[in-house]
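*Asks:* Below: sequence and its predicted model.
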Amino acid sequence: MNFLQTEPIRILLYLVGICAFVGANAAYLVLAERKGAGRIQRRPGPNEAGFGGLLQPLADGIKLLAKQVMVPPGTDALLFRAAPLLVMAPPLMCLAMIPFSDSITARSLNVGLLFVFSFGSINVMALMLGGWASRNKFAIISSARVVSQNVAYEIPMLLVVITLLMVTGTMDLNEIIQQQGGGFWKWNLFKVWVNPLMPVTFVIFFICMLAETNRAPFDMAEAESELVAGAFTEYGGMGFGVFFMAEYANIVVGCSLATVLFLGGWQSPIGVLSGGLWGAGWFLLKLYALIFTVIWIRWTFPRTQFYSLLNLSWKILIPISLFTLLLTGAMMKLPVVYNHFF
Amino acid sequence: MSLLTALRETVAGFKSLLTGMRITAREAAKPSITVQYPHDTLKMADRFRGHVKLVLDPVTGKSRCTSCNLCVRACPSDCLTVEGIKREGEKKKSVSEYTLDFTTCSLCGSCVEACPSDAIEYSKDYNVVSLDRAEFARMDLLKKLEAEAKVWAEKNPELAAAAAAAAAAQAAAATAKAPAAATTASAPGAGAAPVATTPAPTPAVAPVPAAGVTETRTT
């Protein structure tokens, strides 16, 4: 165990583990997405490759790898090639902070939450660069949309997180989880005595997470029916494949964060069996429940219009999150209420 | 007041989203309705009109066609060719060639209506495809029937056995008269043996020459 704690081994374990985790997730979440879409539309989804379609991701991967990587003439070749790498790097970095269990964390920082959010915003930059470098009108329109959408949704998301930080008092993700131990009623989601609007806060966080990862119904970056494929229009082969994988990696990061902040991370919902591998099991269970909800939402709602998307953020989410922020502050300063429980 | 209205609208809107998600969840729980096409196919409706085909008679395991040519005459696009043959031991003529020119057939069904012995019907075959034009220009329906009969015999062995026994009995009845016929008729294989020379047959069996085949071709 001491050998595993040495720094080079730790880095190697992290790189291999996270890359494998992200790769397997991207591959099989695509399959889950297509299967889920199939179920909701009452068809079986991909079921020819392998048993029940289990080899479909492999077939898709081979197809993407075998395709020629084209750099269209007139594009900014360097940025065009760099964008897929830039879009993949932030989720890999963010996953270093996520505690999968009380003892399984690649790197525990006391500003873990800040780290995740600062790297999370680079993702937008990468999409913008990809669109800009493509020298394609659809890609540039999509880039502009992505930036304004992400700016709009970063605000309510951060307001919600600040609300939460006022409750937890720490940015260390592992510590945040430890505060939520002892049963599901201790999760931040249900801490209504701190702030009666805590479930609403979670919903706002989840909506913003959907918008930040450019998922339906906020998939303005892709918007197939309007912008061909949005920022990825000019990308083919594995260039597109990496963008696609990054989308799923971002979903994993976003859902992990929601799990850590609101659903108690690796804490057991019943108060027992919460250490070690059990913790990892609980964490993955909550994580995939959230990811399943993301898929479910995608196949339920049509894409919103762009102005209603911004309206939702500026007119509804930001005022409500500001109100919850003030409410939490007020309730923490009201000693009568606060001291009764803490 | 407008703040209250906005809040109420937001809550109502959120509720409608949950309703949408409930509906998709309910749909997801229902069974899939896809027909896995190359593996499964839908059963065609009874009144589906494919190309015409010969009916398999479950009693004899063969076609009922007597090559009376009424279908040929009924056909407005002149796309049927029927030839008959008079087999030994059988009362009526039986079909020896039945070709359909599907390139000119308009699927009007006049042939099916005209048939006096219900020997043709519409097939339920809808995925007819070929790289060879001849497969449609000369669609050999008799060959298709033989292929169908083989499958039928495998599926209904007792019916097929009964049909074969009946055919054998008929053949035996024919050969039983053979010695009597041999005295008057010409040698087997000589062909074109005059039917009139055979002795008086039993009412059940048609008059036949000894072991030979009298071919009476109609075109």
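*Replies:* Yes, it's here. Residues are numbered from 1 along each chain as shown, chains lettered A, B, ... in the order given.
*Asks:* Identify the residues contacting A:M97.
*Replies:* A:T105, A:A106, A:R107, A:S108, A:L109, A:G112, A:L113, A:F115, A:V116, A:L173 (CB atoms under 8 Å, 6 or more residues apart in numbering or on different chains). Placement of C-beta: from N, CA and C, glycine included.
*Asks:* Which pLDDT value belongs to A:L85?
*Replies:* On pLDDT, A:L85 comes in at 86.
*Asks:* now it: how far from chain B?
*Replies:* From A:L85 across to chain B, the span is 36 Å (CB to the nearest CB, to the nearest Å).
*Asks:* Identify the residues contacting that residue.
*Replies:* By CB under 8 Å, 6+ apart, the neighbours of A:L85 are A:V242.
*Asks:* secondary structure element for it?
*Replies:* helix A:77-94 (DSSP states H and E).
*Asks:* now could you export just the CA positions of that helix as PDB?
*Replies:* Backbone C-alpha positions of helix A:77-94 (Å, rounded to 0.1, in the frame of the first residue of the first chain) are rendered in PDB as follows:
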ATOM      1  CA  ALA A  77      -4.500  24.100 -38.900                       C
ATOM      2  CA  LEU A  78      -3.000  24.300 -35.500                       C
ATOM      3  CA  LEU A  79      -6.100  25.400 -33.700                       C
ATOM      4  CA  PHE A  80      -8.200  23.000 -35.700                       C
ATOM      5  CA  ARG A  81      -6.000  20.100 -34.400                       C
ATOM      6  CA  ALA A  82      -5.600  21.500 -30.900                       C
ATOM      7  CA  ALA A  83      -9.400  22.000 -30.200                       C
ATOM      8  CA  PRO A  84     -10.200  18.300 -29.800                       C
ATOM      9  CA  LEU A  85      -7.300  17.900 -27.300                       C
ATOM     10  CA  LEU A  86      -8.400  21.000 -25.400                       C
ATOM     11  CA  VAL A  87     -11.900  19.800 -25.200                       C
ATOM     12  CA  MET A  88     -10.800  16.400 -23.800                       C
ATOM     13  CA  ALA A  89      -8.300  17.700 -21.300                       C
ATOM     14  CA  PRO A  90     -10.600  19.600 -18.800                       C
ATOM     15  CA  PRO A  91     -12.800  16.600 -17.800                       C
ATOM     16  CA  LEU A  92      -9.700  14.500 -17.400                       C
ATOM     17  CA  MET A  93      -8.300  17.100 -15.000                       C
ATOM     18  CA  CYS A  94     -11.600  17.500 -13.200                       C
END
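*Asks:* So what's the gap between that helix and the chain middle?
*Replies:* 16 Å (CA atoms, centre = their mean, to the nearest Å).
*Asks:* Could you name the helices and strands sitting against the following helix or strand past it?
*Replies:* Scanning forward in sequence from helix A:77-94 by DSSP H and E, the next helix or strand is helix A:112-133. With contacts taken as 3 or more CB pairs under 8 Å, 6 or more residues apart in numbering or on different chains; DSSP states H and E, helix A:112-133 sits against helix A:77-94, helix A:137-168, helix A:173-178, helix A:237-262.
*Asks:* Could you identify which of these is most buried?
*Replies:* helix A:237-262 (a mean of 23; mean count of other CB atoms under 10 Å in any protein chain shown).
*Asks:* Output the set of residues of the stretch 151-300 of chain A in proximity to chain B.
*Replies:* A:V203, A:W296, A:I297, A:W299, A:T300 (CB under 8 Å from any CB of the partner chain).
*Asks:* so who does the first one touch?
*Replies:* Meaning A:V203. Per CB under 8 Å, 6+ apart, neighbours of A:V203: B:F14.
*Asks:* On the three-state scheme, it is what?
*Replies:* helix (DSSP: H, G, I helix; E, B strand; the rest coil).
*Asks:* per-residue pLDDT, it?
*Replies:* 91.
*Asks:* likewise the third one?
*Replies:* Confidence per residue is given as pLDDT, and for A:I297 that number is 91.
*Asks:* ok, and for the helix or strand encompassing it, which residues are buried?
*Replies:* For A:I297, the host element (DSSP H and E) is helix A:276-298. Residues of helix A:276-298 classed as buried by neighbour count (16 or more other CB atoms under 10 Å in any protein chain shown): A:279-283, A:286-288, A:290-291, A:294-298.
*Asks:* what's the answer for stretch B:127-142, then?
*Replies:* B:F136, B:M139, B:L141, B:L142.
*Asks:* Straight-line length of that stretch, end to end?
*Replies:* End-to-end distance of stretch B:127-142 (CA to CA, to the nearest Å): 19 Å.
*Asks:* All the helices of chain B, residue numbers only.
*Replies:* B:2-29, B:70-74, B:110-114, B:134-137, B:141-155, B:157-176, B:178-184 (DSSP state H).
*Asks:* pLDDT added to the buried residues of stretch B:127-142, as TSV?
*Replies:* Shown next, in TSV, are the buried residues of stretch B:127-142 (pLDDT from 0 to 100):
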residue	pLDDT
B:F136	85
B:M139	85
B:L141	85
B:L142	85
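*Asks:* Widest-spaced pair of the residues you listed?
*Replies:* B:F136 and B:L142 (16.1 Å; CB to CB).
*Asks:* now the closest residue to chain B within the stretch 51-200 of chain A: how far from B:V11?
*Replies:* Per CB to the nearest CB, A:V200 is where the stretch 51-200 of chain A lies closest to chain B, at 9.4 Å. Between A:V200 and B:V11 the distance is 10 Å, computed by CB to CB, to the nearest Å.
*Asks:* Between the two, which has more neighbouring residues?
*Replies:* A:V200 (16 against 10; other CB atoms under 10 Å in any protein chain shown).
*Asks:* Which pLDDT value belongs to that one?
*Replies:* pLDDT, A:V200: 89.
*Asks:* Assign it to helix, strand or coil.
*Replies:* Going by three-state DSSP: A:V200 is helix.
*Asks:* Contacts only, for it.
*Replies:* A:I320, A:T324.
*Asks:* switch the cut-off to 10 Å
*Replies:* A:V160, A:I320, A:S321, A:F323, A:T324, B:F14 (CB atoms under 10 Å, 6 or more residues apart in numbering or on different chains).
*Asks:* what's the nearest residue to the fifth one if we skip its chain neighbours?
*Replies:* Pointing back at A:T324 there. With CB to CB, 6 or more residues apart in numbering or on different chains as the criterion, A:T324 has its nearest non-adjacent residue at 4.7 Å, and that residue is A:L197.
*Asks:* do A:W278 as well
*Replies:* Here the residue nearest A:W278, using CB to CB, 6+ apart, is A:S268, at 6.8 Å.
*Asks:* what does B:D78 give?
*Replies:* B:D78 sits nearest to B:T104 (CB to CB, 6+ apart), 7.3 Å away.
*Asks:* Count the neighbours of the one you found for me.
*Replies:* 13.
*Asks:* Give me the pLDDT value at A:Y248.
*Replies:* For A:Y248, the model assigns a pLDDT of 90.
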